[in-house]
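Colleague: For reference, the sequence and a predicted model appear below.
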Amino acid sequence: MRHIPTHYKSRGALSNRASRFSAAHAVDFDDGWGGADDAEDTPARPATHLHADPARRVISRNNSPDVPFNASINPYKGCSHGCIYCFARPTHEYLDHSAGLDFETEIYYKPDAAARFEAELRAPGYRCEPITLGANTDPYQPDERQLGVTRDLLAVADRYNQPLSIITKGALITRDIDRLAAMAERDLVSVMVSMTSLDAGIKRTLEPRAAGPQQRLRAITALADAGVPVGVLVAPVIPAITDHELESLVEKSAAAGAATAGYVVLRLPHSISGLFREWLDTHYPQRADHVMSLIQQMHGGRDYDARWGTRMRGSGVHAQLLARRFELACKRAGIGARRRLPLDSSRFRCPPAAGDQQSLDFG
């Protein structure tokens with residue numbers, strides 16, 4: 001029985017297999033009777049469904065040595081950019097959704113994120129440190145245009161002088177340049193724009209609803225021109241698919257205004273491995289085995305090595321070659337090789353609120 005993947009325009013995943021936590025699993029397959037080839041049997045393109053997701057807290061903390069931040073906020077669960085490689089896909093399985101098409105179409109947003117954020121900043125025990133927006137899913141995915149959750153979070157951070165670092169591949173970030181520029185004047189914000197490929201054809205299947213490469217380069221320029229510290233995150237680097245573009249991505253981003261750069265190799269934890277293999281077999285069938293062989297060479301013979309210190313960069317000869325190429329590319333482009341720009345936490349202040357006790361200082 002052969003599973004039949006379906007390529008929907010503007011969607012990355014080709015299947016919607018049940019969560020690994022589900023008690024029952026159903027898989028479509030071709031039974032040989034030809035029904036799978038009938039046009040009338042082709043399912044309609046999956047629509048996006050938005051779900052309000054009230055939260056008690058929005059600041060998450062981690063202690064991973066692999067990421068350059070301790071605190072983060074994710075305004076959304078799921079992401080309609082549809083990037084087939086997204087390492088956050090398995091998190092949707094905790095919601096009893098598939099890491100496949102469900103991750104791209106069942107989008108959860110936090111309507112009260114700004115209020116919860118402000119309450120946490122005002123808590124007596126809060127100690128200010130930079131917070132990352134977009135650590136898991138993109139804060140500027142398409143539905144942010146009408147929902148404005150990220151925009152509201154920026155307003156709170158601006159009011160409290162709370163420093164933020166932002167990671168995005170969404171050109172929608174230019175909508176908020178007014179707010180970002182004002183925060184940048186106080187060293188309160190930095191942005192890393194994620195770039196995967198300069199090839200629009202690769203982008204269309206790899207990350208179908210994300211901004212195009214030229215749009216992202218223009219976003220880098222707009223941010224830099226507005227005085228917002230901006231860098232490029234070349235991620236993920238995919239062997240035999242995008243790795244040949246490593247130098248050009250760094251060069252073009254630096255020319256656009258990026259002041260720093262970082263990179264991450266492809267990660268395939270849990271169900272992403274099967275989804276990515278399905279994507280490879282459909283879009284790059286002649287090189288699929290070669291791509292997976294290179295990936296496994298960087299992960300100790302497996303599709304993914306989750307050990308700290310190796311999961312982001314890989315190991316072995318191919319990983320070492322990528323690291324050296326990246327280092328030289330940054331040197332030639334004249335930009336720093338780091339994934340986080342410095343921010344100022346000393347300015348943090350809680351503005352007066354109704355009911356606050358008045359100061360007794362009469363001097």
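Modeller: Arrived safely, thanks for sending. Numbers count the residues shown, from 1 in each chain.

Colleague: Which of the three states applies to residue 310?
Modeller: coil (DSSP: H, G, I helix; E, B strand; the rest coil).

Colleague: and the gap between it and residue 92?
Modeller: 25 Å (CB to CB, to the nearest Å). (C-beta placed from N, C-alpha, C; glycine too.)

Colleague: Comparing the two, which residue is more hemmed in?
Modeller: residue 92 (25 against 17; other CB atoms under 10 Å).

Colleague: low pLDDT regions in the stretch 201-350 of the chain?
Modeller: The model of the stretch 201-350 of the chain has pLDDT under 70 over residues 309, 338-340.

Colleague: how about the helices of it, start to end?
Modeller: 213-225, 246-256, 272-283, 288-297, 317-333 (DSSP state H, counting those that start in this stretch).

Colleague: Make CSV from those and add distance to residue 166 and mean neighbour count to it.
Modeller: Formatted as CSV, the helices of the stretch 201-350 of the chain follow (distance: least, CB to CB, whole Å; neighbours: other CB atoms under 10 Å):
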stretch, distance to residue 166, mean neighbour count
helix 213-225, 10, 20
helix 246-256, 16, 20
helix 272-283, 24, 20
helix 288-297, 29, 17
helix 317-333, 21, 15
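
Colleague: Among those, which comes closest to residue 234?
Modeller: helix 246-256 (5.0 Å; CB to CB).

Colleague: where do the strands sit along this protein?
Modeller: 49-52, 60-61, 71-73, 76-77, 106-109, 131-133, 164-168, 189-195, 230-237, 260-265, 336-337 (DSSP state E).

Colleague: Nearest to residue 323 among the ones you listed would be which one?
Modeller: strand 260-265 (8.5 Å).

Colleague: wait, what's in contact with residue 111?
Modeller: Neighbouring residues of residue 111 by CB atoms under 8 Å, 6 or more residues apart in numbering: 52-54, 147, 149.

Colleague: Looking at those, spot the one nearest residue 277.
Modeller: Taking the contacts of residue 111 together and measuring to residue 277 by CB to CB, the closest member is residue 53, at 30.6 Å.

Colleague: still on that earlier bit, return the members of the contacts of residue 111 classed as buried.
Modeller: 53, 147, 149 (16 or more other CB atoms under 10 Å).

Colleague: Residue 350 contacts residue 121, doesn't it?
Modeller: Yes - using CB atoms under 8 Å, residue 350 is in contact with residue 121, at 6.8 Å.
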